[in-house]
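*Asks:* Would you be able to build a 3D model of this:
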Amino acid sequence: MKSLRQLQDDLLNIRLKAANTSLWTIQATLNEHARRAINDAISTYEMNVTQVYSSAALSTDVQVIALPKDISRIVRIEAVTSSESAGGAGRRQIRDYDLVATPQTNLLYLNELASVYQFLNIATERVDIFYEGRQGELPSDVVLVGAALTTNAGLGGFAISGGSPAVQFRAPGYLEITPFAMSPGVATAVREVVRYDLTLPGAFTGLTRGVEGMVWAWTQGCVVSAVYEAPDHTVPVIMAKAQGAMYEFFLKNRAVYDQYTAIASEQAMSVGDLLGLSRAMEDKADRGYKRIRTLPAPTKARVRVREHQ
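*Replies:* As a prediction, the model looks like this:
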């Protein structure tokens, strides 16, 4: 998984050859425009992410579940039980459901009732909803505050400052934690990717530690960065599109570009050269997207029997 921090580092320090960004007086400006370029690329190309939603259960009534609004389609739904009277732990597929999209959320109607299976003495069953959602934009980095995040893998959550997870971050999701001081261009530094289930106005909760990297004792001031969850083979497409957008940004902001070339010891390119690079990178991104674009995962099919006339 790639975090926003890593993507920005890749774009500015490697693809644009801007070493030693920590010395720049324009670091904040470039970082924010790099984030905007990356998010514009994510919005341009539809990159699907497969997730599992497990905060639901069957009951004796029809269930109406409010799902995250970024869910585009249901792949499958499984009921999970560990009841001994049902013959031990097991899974069965649920086919009787409907997904209704609304402007604010997605409503899932589970029409299958647990009461149908009362002969198995199953009061409730957990429901796993496998779905596809579109990769969303990556919010700005935030900072860990308060008590340190220890190596205790069972710790339930942590607080942050500099943003509002409940508004900016999708849940469930993944985030990356790194030390406060990072050397530019170092994408393999000490890091930990954490999965979270819920977001609060100032905190992340329901943590699964050490998804990638290693469980570490993080202290106040460490950087918390959103994670790009789409498959790694989609990263070159996003980065090529973002690189083209940054060349376009330099075209519109010549003063910033002059500072960039002076600090990076690069020879300034003409307007025509920058425009050509911008178009070339956008064309590279379009061609790359056509190669990697895959068909949606199969889901349930509705079959209707026609009456013979």
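
*Asks:* ok, then the element right after the helix or strand of the chain with the lowest mean pLDDT?
*Replies:* When each helix and strand of the chain is scored by mean pLDDT, DSSP states H and E, helix 254-263 comes last, with a mean of 77. Moving toward the C-terminus from helix 254-263, the next helix or strand (DSSP states H and E) is helix 271-292.

*Asks:* List the buried residues of that next one.
*Replies:* Judged by neighbour count using 16 or more other Cβ atoms under 10 Å, the buried positions of helix 271-292 are 274, 277, 278, 281, 282, 284, 285, 288, 289. Where you see a C-beta, it was placed from the backbone N, CA and C, and this is true even at glycine.

*Asks:* cool, stretch 139-148 as well?
*Replies:* 139, 141, 142, 144, 145.

*Asks:* What's opposite the last one in the beta bridge?
*Replies:* Put plainly, it is residue 145. Following DSSP bridges, residue 145 is listed with bridge partners residue 159.

*Asks:* In contact with it, which residues?
*Replies:* Applying Cβ atoms under 8 Å, 6 or more residues apart in numbering, we find residue 145 in contact with 159, 160, 161, 220, 221.

*Asks:* mind checking how far the residue lying closest to the third one once chain neighbours are set aside is from residue 219?
*Replies:* Right, residue 161. In space, and not counting its chain neighbours, residue 161 is closest to residue 145: 4.7 Å by Cβ to Cβ, 6 or more residues apart in numbering. Distance, residue 145 to residue 219, by Cβ to Cβ, to the nearest Å: 10 Å.

*Asks:* now the contacts of residue 145: which count as buried?
*Replies:* 159, 160.

*Asks:* Nearest to residue 43, out of the contacts of residue 145: which one, please.
*Replies:* Residue 43 lies nearest to residue 160 out of the contacts of residue 145, by Cβ to Cβ, at 24.7 Å.

*Asks:* I'd like to know how far the closest one sits from residue 144.
*Replies:* 6 Å.

*Asks:* Next: residue 125.
*Replies:* Taken as Cβ to Cβ, the span from residue 125 to residue 144 is 37 Å.

*Asks:* any chance you could map the strands in the stretch 151-300 of the chain?
*Replies:* Here the stretch 151-300 of the chain has its strands, by DSSP state E, counting those that start in this stretch, at 157-161, 173-178, 192-200, 203-213, 223-228.

*Asks:* what's the closest of the ones you listed to residue 107?
*Replies:* Closest among the strands of the stretch 151-300 of the chain, using Cβ to Cβ: strand 192-200, at 19.7 Å.

*Asks:* For that closest one, buried residues please.
*Replies:* For strand 192-200, a neighbour-count test (16+ other Cβ under 10 Å) marks 192, 193, 194, 195, 196, 197, 198, 199 as buried.

*Asks:* now stretch 51-65
*Replies:* Buried residues in stretch 51-65 (16+ other Cβ under 10 Å): 51, 53, 56, 57, 58, 63, 65.

*Asks:* If we ignore the residues flanking it in sequence, what's nearest residue 232?
*Replies:* residue 2 (7.1 Å).

*Asks:* should've said residue 240
*Replies:* Per Cβ to Cβ, 6+ apart, closest to residue 240 is residue 285, 4.0 Å.

*Asks:* was I right about residue 46 contacting residue 132?
*Replies:* No: between residue 46 and residue 132 there is no contact under Cβ atoms under 8 Å: 10.3 Å.

*Asks:* And those two? Which one has more around it.
*Replies:* Each of residue 46 and residue 132 has its neighbours counted (other Cβ atoms under 10 Å); residue 132 has more, 17 against 12.

*Asks:* Could you pull up the residues touching the more buried one?
*Replies:* Per Cβ under 8 Å, 6+ apart, neighbours of residue 132: 48, 49, 50, 51, 71, 72, 73, 75, 296, 297.

*Asks:* Residue 133 is in contact with the fifth one, correct?
*Replies:* Right, the one you point to is residue 71. Yes: with contact defined as Cβ under 8 Å, residue 71 reaches residue 133; the gap is 4.9 Å.

*Asks:* re earlier: so among the contacts of residue 132, which ones count as buried?
*Replies:* 48, 49, 51, 71, 72, 75.

*Asks:* partner strands of the helix or strand harbouring the fifth one, parallel or antiparallel?
*Replies:* When secondary structure is defined by DSSP H and E, residue 72 falls within strand 71-81. Sheet pairing for strand 71-81, assigned by DSSP bridges, gives strand 90-94 (antiparallel), strand 125-134 (antiparallel).

*Asks:* Appreciated, that's everything.
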